[in-house]
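S.K.: Mind looking at a prediction? Sequence and model below.
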Number of protein chains: 6
Amino acid sequence: MYSLTVRDHVMVAHSLPRPAFGPAQGLHGATFVAELTVRARELGENATVLDIGVLSGLLGEVLDGLRYRNLDEHPAFEGKLTTTEALARHIAEAVADRLEPGARDRLVGVAVVLRETPDAWASYSLDLP
Amino acid sequence: MYSLTVRDHVMVAHSLPRPAFGPAQGLHGATFVAELTVRARELGENATVLDIGVLSGLLGEVLDGLRYRNLDEHPAFEGKLTTTEALARHIAEAVADRLEPGARDRLVGVAVVLRETPDAWASYSLDLP
Amino acid sequence: MYSLTVRDHVMVAHSLPRPAFGPAQGLHGATFVAELTVRARELGENATVLDIGVLSGLLGEVLDGLRYRNLDEHPAFEGKLTTTEALARHIAEAVADRLEPGARDRLVGVAVVLRETPDAWASYSLDLP
Amino acid sequence: MYSLTVRDHVMVAHSLPRPAFGPAQGLHGATFVAELTVRARELGENATVLDIGVLSGLLGEVLDGLRYRNLDEHPAFEGKLTTTEALARHIAEAVADRLEPGARDRLVGVAVVLRETPDAWASYSLDLP
Amino acid sequence: MYSLTVRDHVMVAHSLPRPAFGPAQGLHGATFVAELTVRARELGENATVLDIGVLSGLLGEVLDGLRYRNLDEHPAFEGKLTTTEALARHIAEAVADRLEPGARDRLVGVAVVLRETPDAWASYSLDLP
Amino acid sequence: MYSLTVRDHVMVAHSLPRPAFGPAQGLHGATFVAELTVRARELGENATVLDIGVLSGLLGEVLDGLRYRNLDEHPAFEGKLTTTEALARHIAEAVADRLEPGARDRLVGVAVVLRETPDAWASYSLDLP
C-alpha cells in the first residue's frame, strides 16, 4: 500500500458550548495543522499516488473555506460542535468530494490528522468505495 | 474511523541486562515521549472520541507510576526487560484498564507510540473487544 | 552564558482590525506555542539558571491569563493590536515582573518566542537591569 | 501489535522528466528523511520487535546505496521515475530482502515513510507472508 | 528587541567539488528548509516587525531563484562552493537587498538558518547599518 | 556572522540529590538531545565554518564519554550536580578543548543546547578568545 501526505494549516476562532468542555466553552481559537493522506494500492502513470501539487491544491481549497473564520458563524457548522474530530471529518469528506473520478477510482482511502497543540491531535479516515 | 491522541513524557532510569543490548546493558536512562491514541467508529455525545482532559488525565496517571523512577527496581517490571516495546504495551494496557465502561464500549482500540530518541521509537496497539 | 527554556501553549481568539492584515482582520484564532528563555552568567546554588518547575509555573501563570480567551475583549489589550510580536512582549514582561528578587538579580535577560504556525513565529527579548 | 521504527536520511539529486511534474522536471535534489517501521504480533526473546542496532544497520545499508548519488544515473532506477512513492517502495523492499530468516518469520510487515519537505511525504508498506 | 521569522524550503541539486567534502563531491541534492528572521528594536505602526505576508513574499522570491535548480549551473554561484553556509549568506543578502527603504530603516538585522538534514544546519546573520 | 550546528543525543541515568529537585532527587534518566553550534566571522577555505563531519565527530567523541552511563558514578561529575545546564557546559568546554588550533583561531564561539524533554532545554555558550 502506498500513501501520500501533504500538510497545511488554518487559524480559526470557535467555541465549544457544552459544560463538558470547561474553559473551552468560551470563544477562543486554534491553529489547526492539517495532514491530508491519500492511499492507493497501485501508483498512477507518473509513479505517484496523486500529484503533490493537485493534492496540496485540494487541501488548500478546503482549508480556504475555514481560514481566518469564526466557526461559530460558519454555515457549514450551524448547530454542530466544531471539535477537532468533527473538523477532521469535515476536511476529509470535503477533499474526497473534490477528487476527480480518475483519481477517486485508484484511491482506497482519505485521512486527515488535525493537530491543535503540540500535545493533542485527532484524525478521521474514510475508505473510498 | 476517528482517533484522538494526547502526548506526555517521563524520565526514567533502567538497564537492559542481556548481552544483545551491548552498551545499553549498563544502567542508563531515557526521556520517553508517549503518544496515546484511542480510536472509535462513532463520536460520543459531545462530538469527541473522548474528552481530551480525561484522556490526558489517564495518560498522566499511568505515567506518574513511572515518572522519575529506576525501572530496575520497579515492582511492575520485576524479572522483565523494560524495552521500549514492553513499556509501550505496559502503558497501553494500563490505560485500557482505566477506561470507564461507557468510554470503553465506544472505543475500538488503544495505541501507544513511545519515542526514546529523535531517531527511534516503538509502539503497541490493542483492539478493545 | 547559560540559558534555560520552558515551553507551553495557549489557544486564543482575536482579530487584527487594520486593512494591512487582510483576511486576518476578521475574528479568527491561534494556538500560540510559547518558549520562555531566561539567561544568566552564573548558575545558582543548585547548578541551575532557575528551577524548571518555578519557571514553568511562571509561564503557566502568565498564559493562564490568556488561555481560552477572546483577546479582543481582554482588558490588558484594550485599544491595542494583539500581534504575535505584541503578545511575545506581553508575556516576557509579565514573567519578568513576577520574578522573585533573588532570581531577578542573577538573571540577565528574559525572552519569549511565540510560534503561531509551523511557518511563522515572533520573539521579544529584554535585558534585566 | 508491536512496531519498531528507526530514522535516517539521504541527500540525493534526481529529475522527474514528465510534463506533469512541472518545475521538478529539471535536475534538482532532496534530503529524504526515512522512517523504517517493522511490525510483529509477538516480541522476540529479548522483548523487542528487532534489535534497534540491527534495524538501523539495515536501513543504513540500504540508504548507503543512495547516499550522495544522482538517481538519474543510478542503475537501480534506469527507465524508472524516482518519485518519493517509488523510493519508499525501493527502500522497504530492499530492507525486507535483507531480513534474516529468523526475524522475517516473526515480522508481519515493513513500512517506509519518506519525508521530502516539512509539508510532504509518502509511504509504502508491505505485508510479510 | 523584537524578531519575526518565516519559514519556507527549496529542493536543489549541487556538488561540492573539493576532496574535503568526501562523498559530497559528487552531484547530489538537498531539501533546504530556510528560516528567515528580521530584528527590530521598535515595532512599526501595525505593531509588527514587518508584515508576515511581505516577509514570506520576500523569502519566496529569493528562494524562487533556487527552486528545483542544479546550483552547479546557476550563474549566481559560478566558481563558488554552494555550502550551506554560503547559501544562507546568499539568501540573507538577497532578502536584505529587497527590503523597502521604510522597512530597512527600522530593522537592525537579517538572519537565515538553513537546515539541510534533521541533524545539521548553518546560519548567516548580518547587521543592517 | 556564520554558524554551523550538528545534532546528536545520549541516554544517561542520574539523580539530582537536593531537596529543591523534588521527585528528580531519585535515580532517573534522560535522553539528552545535544545541538552543538560553532560561530565564525569568516568562512574557511572550503566555504564552511568547519567541516560537518569533523564537527559531528567532535560532538560524538564528547558524547561517547557519557553514552549509556550513570552520571552519578562518572568521575567527571564527582561531587557535582549534573543539571542540564551543567551538562551543556561540560559538553561545550570539552568540544572547545578538542578543537584543532587552525579551527580554533577562526571560531569565535561554541554553544550547546541540551534538550531534556519536548518542553524544557538549557544551553551554555562560550566565547573563544
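M.R.: Yep, it's here.

S.K.: Remind me which helix or strand whatever residue of chain A ends up closest to chain C belongs to.
M.R.: Closest approach between chain A and chain C, counting by Cβ to the nearest Cβ: A:Gly29, at 1.0 Å. C-betas here are computed from N, CA, C, even on glycine. Using DSSP states H and E, A:Gly29 sits in strand A:28-40.

S.K.: do that strand and chain F meet?
M.R.: No - Strand A:28-40 does not reach chain F (Cβ under 8 Å from any Cβ of the partner chain); its nearest approach is 15.6 Å.

S.K.: how far is that strand from where the chain is centred?
M.R.: Distance of strand A:28-40 from the chain centroid (Cα atoms, centre = their mean, to the nearest Å) equals 5 Å.

S.K.: which helices and strands sit right next to whichever helix or strand comes after that strand?
M.R.: Counting by DSSP H and E, the next helix or strand C-terminal to strand A:28-40 is helix A:52-64. Contacts defined by 3 or more Cβ pairs under 8 Å, 6 or more residues apart in numbering or on different chains; DSSP states H and E place helix A:52-64 against strand A:2-14, strand A:28-40, helix A:84-98.

S.K.: and A:Lys80, how many neighbours?
M.R.: Counted by other Cβ atoms under 10 Å in any protein chain shown, the residues lying close to A:Lys80 total 12.

S.K.: Same check on the one 10 residues further on?
M.R.: Other residues near A:His90 come to 22 when the count uses other Cβ under 10 Å.

S.K.: how much space between the closest residue to chain F within chain A and B:Glu35?
M.R.: When scored by Cβ to the nearest Cβ, chain A has A:Pro118 as its residue closest to chain F, at 6.7 Å. Plainly put, A:Pro118 is 11 Å away from B:Glu35 if you go by Cβ to Cβ, to the nearest Å.

S.K.: what touches both of the two?
M.R.: Counting by Cβ atoms under 8 Å, 6 or more residues apart in numbering or on different chains, the residues touching both A:Pro118 and B:Glu35 are B:Arg7.

S.K.: shouldn't A:Val112 be in contact with A:Ala94?
M.R.: No - applying Cβ atoms under 8 Å as the test, A:Val112 and A:Ala94 come out as separate, 9.5 Å apart.

S.K.: Same drill for these two, tell me which one is more crowded.
M.R.: Neighbour count, other Cβ under 10 Å: between A:Val112 and A:Ala94, A:Val112 has more, with 27 against 19.

S.K.: what's the helix or strand for that one?
M.R.: strand A:107-117.

S.K.: hmm, who's touching the lowest-mean-pLDDT helix or strand in chain A?
M.R.: The helix or strand of chain A with the poorest confidence is helix A:101-106; it has a mean of 87 (mean pLDDT, DSSP states H and E). Residues from elsewhere that reach helix A:101-106 (Cβ under 8 Å, 6+ apart): A:40, A:42, A:44, A:50, A:54, A:96, A:128.

S.K.: Please name the residues that touch the second one.
M.R.: The contact partners of A:Glu42, by Cβ under 8 Å, 6+ apart, come to A:2, A:106.

S.K.: Quick check: residues of chain A near chain B?
M.R.: A:18, A:20-22, A:80-81, A:83-86, A:88-89, A:118-126.

S.K.: Out of those, which end up buried?
M.R.: The neighbour-count criterion (16 or more other Cβ atoms under 10 Å in any protein chain shown) marks A:21, A:81, A:83-86, A:88-89, A:118-125 among the residues of chain A next to chain B as buried.

S.K.: so how many other residues sit close to A:Gly44?
M.R.: Residues near A:Gly44, counting by other Cβ under 10 Å, number 18.

S.K.: Can you tell me the closest non-neighbouring residue to it?
M.R.: Residue nearest to A:Gly44 in three dimensions, not counting chain neighbours: A:Arg106, with 6.1 Å by Cβ to Cβ, 6 or more residues apart in numbering or on different chains.

S.K.: Torsion angles phi and psi at the residue nearest to A:Arg89 when sequence neighbours are not counted?
M.R.: Spatially, and ignoring its direct neighbours in sequence, A:Arg89 is nearest to A:Tyr124 (4.0 Å; Cβ to Cβ, 6+ apart). When read as degrees, to the nearest 10, the backbone of A:Tyr124 gives phi -140, psi 130.
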